[in-house]
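Engineer: Pasting the sequence and the predicted model now:
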Amino acid sequence: MDFRSDTVTKPTEEMRKAMLNAEVGDDVYGEDPTVNRLETLAAKILGKEDALFVTSGTQGNQVAILTHCRPGDEIILEAESHIFLYEAGAASALAGVQTRPIRGIKGAMEPSDVKKAIRSDDIHHPYSGLICLENTHNKAGGKVIPIQTMKAIYEIAREKDVPVHLDGARLFNAAVAAGVPVTEFTQYVDTVQVCLSKGLSAPVGSILAGSKSFIKEARKWRKRLGGGLRQVGVLAAPGIVALEKMVDRLAEDHANARQLAEGLSTIPGLQVDVDGVETNIILCNIKETGLSNEQFLTRMKEAGILAVPFDDGVIRFVTHREVTGDMVQIAVQRIRQLIG
């Protein structure tokens, strides 16, 4: 029972058939009809003029930063955002920008803090080249950043002429949890990256969407990073299935996450903020068990359960298409036994 991440999902049978039968061409020449269809579909769903297929969420975020910014610029982001914590310092290594982290509340930056962080026109200051948001927020436990918060930050950004990029790796989880179209979120950003290979179950790839002029320049940056792809239709085809068939079922993952959180919270020594489980990520505090993360994870692995350490004394569980309600019940029973 693999609760490590929603990235472990295998492609569905429909996706495999789509890969087998995909019509392909050379994408660098713009001749792959399947990836062209995927990009057109994604742009429409996300409410943007154009879109670009990229190999990963990290590549999508970094291409966005490279396209928006110049070396020496500063990007404003939340202190525990994926771009800041988990992308190997790529923003500085590749784009030559510095990061300005702001501590948020449950992953959400206060608009007033963002406004204060935007640099004035002073010779001593870097230019504020970009504001980056993340929704859902991974490190906060899959929290949905409220639409009103995004709107407030976007209005401040427009006033200061600073673009806004959204790391929406799990944005469809946010939309399903909020019960609104994904465009309710994307209307308040200039560009957005979404992953096809997490809860949507495609084997690889992400989408970067924005204006036509932005995507034209982003395509060049993707090429510079070695991301010029050839007969990529075999990877784009399951992405089409992901967008057309796999979004609504994310509600099942959310329900299973809530069930898992409720079950874990009844086990002595474990602490879970059940009401704080908004999507498919559960953070479980194990400190009262007296076990280290390594000891706890080893015992779980011996019981056939996989998860990951997320902080000192905190274990992350993630539900996805390959985790059923029955598996959740079994996992809770086994964890109760191993704690006892």
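Structural biologist: Right, received. Where do you want to start?
Engineer: When you work out contacts or count neighbours from here on, use the C-alpha atoms and nothing else.
Structural biologist: Will do.
Engineer: ok, Val162 to Asp311 distance?
Structural biologist: 33 Å (C-alpha to C-alpha, to the nearest Å).
Engineer: Which stretches in the stretch 101-250 of the chain count as helices?
Structural biologist: 111-117, 147-160, 171-178, 183-186, 212-224, 233-245, 250-265 (DSSP state H, counting those that start in this stretch).
Engineer: Compare the ones you listed and give me the one nearest Lys301.
Structural biologist: helix 250-265 (16.4 Å; C-alpha to C-alpha).
Engineer: quick one on the thing from earlier: can I get the helices of the stretch 101-250 of the chain in TSV with mean pLDDT, mean neighbour count and distance to Glu31?
Structural biologist: Listed next are the helices of the stretch 101-250 of the chain as TSV, based on pLDDT from 0 to 100; neighbours: other C-alpha atoms under 10 Å; distance: least, C-alpha to C-alpha, whole Å:
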stretch	mean pLDDT	mean neighbour count	distance to Glu31
helix 111-117	98	15	42
helix 147-160	98	17	36
helix 171-178	98	23	29
helix 183-186	98	20	28
helix 212-224	97	17	14
helix 233-245	98	24	10
helix 250-265	98	22	33
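Engineer: could you point out the longest strand in this protein?
Structural biologist: strand 128-134 (DSSP state E).
Engineer: circling back to that earlier point, Val162 and Asp311: who's more crowded?
Structural biologist: Val162 (20 against 13; other C-alpha atoms under 10 Å).
Engineer: just to revisit the earlier point, now the helices of the stretch 101-250 of the chain as a markdown table including distance to Arg37?
Structural biologist: Below are the helices of the stretch 101-250 of the chain laid out as a markdown table (distance: least, C-alpha to C-alpha, whole Å):
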| stretch | distance to Arg37 |
| --- | --- |
| helix 111-117 | 37 |
| helix 147-160 | 29 |
| helix 171-178 | 20 |
| helix 183-186 | 19 |
| helix 212-224 | 15 |
| helix 233-245 | 8 |
| helix 250-265 | 23 |
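Engineer: what sits against Asn293?
Structural biologist: With contact set as C-alpha atoms under 8 Å, 6 or more residues apart in numbering, Asn293 has these partners: Ile286, Pro309, Asp312, Gly313, Val314, Ile315.
Engineer: what about the last one, is that helix, strand or coil?
Structural biologist: Under DSSP: H, G, I helix; E, B strand; the rest coil, Ile315 falls in the strand class.
Engineer: give me the number of residues near it?
Structural biologist: 20.
Engineer: how about the nearest residue to it, chain neighbours excluded?
Structural biologist: With sequence-adjacent residues excluded and distances taken as C-alpha to C-alpha, 6 or more residues apart in numbering, Ile315 is closest to Pro309, at 4.6 Å.
Engineer: CA atoms of the strand or helix carrying the one you found as CSV?
Structural biologist: Using DSSP states H and E, Pro309 sits in strand 308-311. Provided in CSV are the C-alpha atoms of strand 308-311 (Å, rounded to 0.1, in the frame of the first residue of the first chain):
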residue,chain,number,x,y,z
VAL,A,308,7.6,9.4,3.6
PRO,A,309,9.1,11.6,6.3
PHE,A,310,8.0,15.2,6.0
ASP,A,311,9.4,16.9,9.0
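Engineer: Partner strands of it, with direction?
Structural biologist: Here strand 308-311 has these sheet partners by DSSP bridges: strand 314-318 (antiparallel).
Engineer: Give me the average confidence score over the partner strand.
Structural biologist: Here strand 314-318 scores 98 as its mean pLDDT.
Engineer: ok, which stretches of this structure are strands?
Structural biologist: Using DSSP E, strands in the chain cover 50-54, 74-78, 98-102, 128-134, 164-167, 191-195, 206-210, 271-272, 281-285, 308-311, 314-318.
Engineer: now these as JSON lines including distance to Lys301?
Structural biologist: As requested, the strands of the chain are arranged in JSON lines below (distance: least, C-alpha to C-alpha, whole Å):
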{"stretch": "strand 50-54", "distance to Lys301": "34"}
{"stretch": "strand 74-78", "distance to Lys301": "33"}
{"stretch": "strand 98-102", "distance to Lys301": "35"}
{"stretch": "strand 128-134", "distance to Lys301": "31"}
{"stretch": "strand 164-167", "distance to Lys301": "31"}
{"stretch": "strand 191-195", "distance to Lys301": "28"}
{"stretch": "strand 206-210", "distance to Lys301": "30"}
{"stretch": "strand 271-272", "distance to Lys301": "20"}
{"stretch": "strand 281-285", "distance to Lys301": "16"}
{"stretch": "strand 308-311", "distance to Lys301": "11"}
{"stretch": "strand 314-318", "distance to Lys301": "13"}
